[in-house]
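J.: Take this sequence and fold it.
(one chain, ligands or ions: 1)
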Amino acid sequence: MIVSDFVLRAVVAEGVDTVFMVPGGVDDPFMGPMTWIPGLRTVVAAHEGGAAYMADGYARASGRFGVAVGIGGPGLFNMVTALASARDDHIRVLALSGEIPTDVEGRESFQDASGAGLDDNDVVRPVVGRTLSCERPETVAPHLHDVITHMLVRNEPAHLSIPVDVQQQAVPDTWEPLPPTLYRPTSVDAETLAADVWPTLGANDRVVVLAGAGVRGEDGAAALVAFAERFGVPVATTLAAKGVMPEDHPLSLGVFGYAGSRWATEALLDDEVDVLLVVGADLTQRNTMYWDERLRPRHLLVHVHDDATLIGRIWPSVPVVGDAAATLRSLLAADHDHARALEAAAPARRARVEAAKAAADRCYEPEHRHADGIPIHPARLVADLRAAAPRDTILSVDSGAHRAWAGHYWESYGPNAYLTGANLGPMGAALGLSIGAAMARPDASHACLIGDGCMLMHGMELHTAVRHEVPVVVVVVNNGAYGNIWFRARDISPAAESLTAIDGIDWAGFARSLGAEGRTVDDPADLRPVLSSAFATADRARRPVLVDVRVDKAAAKPIEPWTTAAHAWEDHH
Ligand SMILES: Cc1ncc(C[n+]2csc(CCOP(=O)(O)OP(=O)(O)O)c2C)c(N)n1
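T.: Numbers count the residues shown, from 1 in each chain. Alright, predicted model coming up:
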């Protein structure tokens, strides 16, 4: 078996059925195996950055890992932003790149990105957890094992470079799939739970959970819901974990942090919270409202995370190092006096959540869901999209003002149903995320909410979606501007404002030119019927449908508490 065949069979053996790539000379030996390995599908993207976002979306939606293949040098360099975003969000992406033949390294050769040239490994080192080059076929199996293990154990991207001559050489190896217990430990820090967590949990009434994307997959989500239900504990999530607690569940508070819900903001910043259980979440700037001190509970902050280095960085907390789902299952199964005491207070907690929900809407300005002005209010767009989309829709969201509208007004009802580059916020990620997610979850519906500026970056992947029959509904939140920047530019000068103008694009015409369906909506009354028929058409015709929605760039974003927190931070620093 040749090396390229061996590498691709290894990723298939690890449960991956799709790889994303852009071809090139130093990757030619991958092309044969990409077409003949049973159970492997190859998606050719327009841009390696798009391929890497697809691998990211595939990883998020499948719970496995994503694979992006490109040439060394320019192809791999195009992946850097996507890999950085994956690293910031703890997503498992394996980047594979070819390299020039070893006998021409270091001779000012064309596209030399070996160690003697531009050096791929050095370029990607800060954005992946591990990067290696294979100089000989004998090193391929151990190096592949090394990068895959790093990626799976540490939940971060990894990279392997293989020179084209090495790709064609024979290797005897067969790949032994890694045991899942290696990277998904089932052990729980029972001692810390018993000694440092349960006594306070059992003795206090006001307990709240902040769940993050570390609560992975159906298993993690089921454990979270069951834990919340047994003990009547309300659950907020980070934006990255939106929906891991279904947002229409009576105990769901919605998202806490940037563009978060009223219920989550009020419940978590309440100074009477006794215990805050942070489960599988990062205490980032956006997830904590600028590290708002009011988030710190009166008695106990517990931080459950599988990466011990991320615990205690901002505030002292009881560290529970381990898998979020396993820890939740252990808490759920507890059968002792402390657990019974926590359970006894469940009705009081439930009543408090019910009262808060009855007193005010989840959103700060719920009436905007029904705004009927022209241009369309973005809140109306998101509300109508939610109403038109099937319940199981996986929504990918890009970066810009539309991220705030989606975070606030959309509702997610399951794990991995809301995909976004949460912490790096790179423009142009969402369409790739959607295509990757659609490959991983053909059973679900897929939608992509994307600004017109973001379309300018990676909108060409619509052609990838057409060629690979991806039934995604792409909603362009078209305000003719880099809207998020416009808000600040208008306060600078009219000239600065003009730097943010990108109007005049017919996105529906663009879609049609690529073989997708394209529709334009100006009138809010048309939103529901057009969006409903877009989902039906995408599903029936197995192709993407783009809906260009003309929205009001001046609508104020639903981030009032965030803005207040930002000002408070500035005042105190
Ligand atoms: C790769 C990258 N470049 C620049 C930015 C800075 N940025 C954040 S939002 C934004 C404007 C986005 O415009 P658009 O996609 O039209 O969305 P809108 O804000 O109008 O909803 C820019 C330029 C970024 N986040 N990522």
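J.: all contacts plus neighbour counts: C-alpha atoms, from now on.
T.: Noted.
J.: Residue of the stretch 1-150 of the chain nearest the ligand, please.
T.: Thr81 (7.7 Å; C-alpha to the nearest ligand atom).
J.: following the helix or strand that residue falls within, which helix or strand comes up?
T.: Taking DSSP states H and E as the criterion, Thr81 maps to helix 80-88. Per DSSP H and E, helix 80-88 leads on to strand 93-99 as the next helix or strand towards the C-terminus.
J.: which stretches of the stretch 351-500 of the chain form strands?
T.: Counting by DSSP state E, counting those that start in this stretch, the stretch 351-500 of the chain has strands at residues 394-397, 418-420, 446-451, 472-478.
J.: Ok, which of these comes nearest the ligand?
T.: The closest of these to the ligand is strand 446-451. By C-alpha to the nearest ligand atom, the value is 3.3 Å.
J.: got a list of contacts for the closest one?
T.: Applying C-alpha atoms under 8 Å, 6 or more residues apart in numbering, the contact partners of strand 446-451 are 393-400, 402, 406, 428, 430-431, 434, 437-438, 471-479.
J.: in the stretch 51-200 of the chain, which ranges drop under the pLDDT threshold?
T.: Judged by pLDDT under 70, the stretch 51-200 of the chain has no weakly predicted residues.
J.: what about the helices in it?
T.: 74-78, 80-88, 120-124, 140-154, 164-167, 180-183, 190-192, 198-203 (DSSP state H, counting those that start in this stretch).
J.: Could you export the ones you listed as JSON lines, including mean neighbour count and distance to Trp36?
T.: Listed next are the helices of the stretch 51-200 of the chain as JSON lines, based on neighbours: other C-alpha atoms under 10 Å; distance: least, C-alpha to C-alpha, whole Å:
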{"stretch": "helix 74-78", "mean neighbour count": "20", "distance to Trp36": "24"}
{"stretch": "helix 80-88", "mean neighbour count": "24", "distance to Trp36": "28"}
{"stretch": "helix 120-124", "mean neighbour count": "20", "distance to Trp36": "28"}
{"stretch": "helix 140-154", "mean neighbour count": "20", "distance to Trp36": "21"}
{"stretch": "helix 164-167", "mean neighbour count": "24", "distance to Trp36": "16"}
{"stretch": "helix 180-183", "mean neighbour count": "12", "distance to Trp36": "27"}
{"stretch": "helix 190-192", "mean neighbour count": "13", "distance to Trp36": "48"}
{"stretch": "helix 198-203", "mean neighbour count": "18", "distance to Trp36": "55"}
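J.: which one of these lies closest to Phe487?
T.: helix 80-88 (24.9 Å; C-alpha to C-alpha).
J.: starting at the chain centroid, how far to that closest one?
T.: Mean C-alpha position of helix 80-88 versus that of the full chain (C-alpha atoms, centre = their mean, to the nearest Å) differs by 11 Å.
J.: Repeat that for stretch 143-154.
T.: 21 Å.
J.: any residues touching it, and which ones?
T.: 7, 65, 90, 92-94, 129-134, 156-160, 182-184, 307.
J.: which bits of the stretch 301-450 of the chain sit near the ligand?
T.: Residues of the stretch 301-450 of the chain lying near the ligand by C-alpha under 6 Å from any ligand atom: 399-402, 425-427.
J.: now these: which count as buried?
T.: Buried subset of these (neighbour count, 16 or more other C-alpha atoms under 10 Å): 399-402, 425-427.
J.: can you give me the strands for the stretch 101-250 of the chain?
T.: 130-133, 158-163, 207-211, 235-237.
J.: what's the most buried one of these?
T.: strand 235-237 (a mean of 31; mean count of other C-alpha atoms under 10 Å).
J.: per-residue confidence averaged over that strand?
T.: In this model, strand 235-237 has an average pLDDT of 98.
J.: Direction included, what does that strand pair against?
T.: strand 207-211 (parallel), strand 252-255 (parallel) (DSSP bridges).
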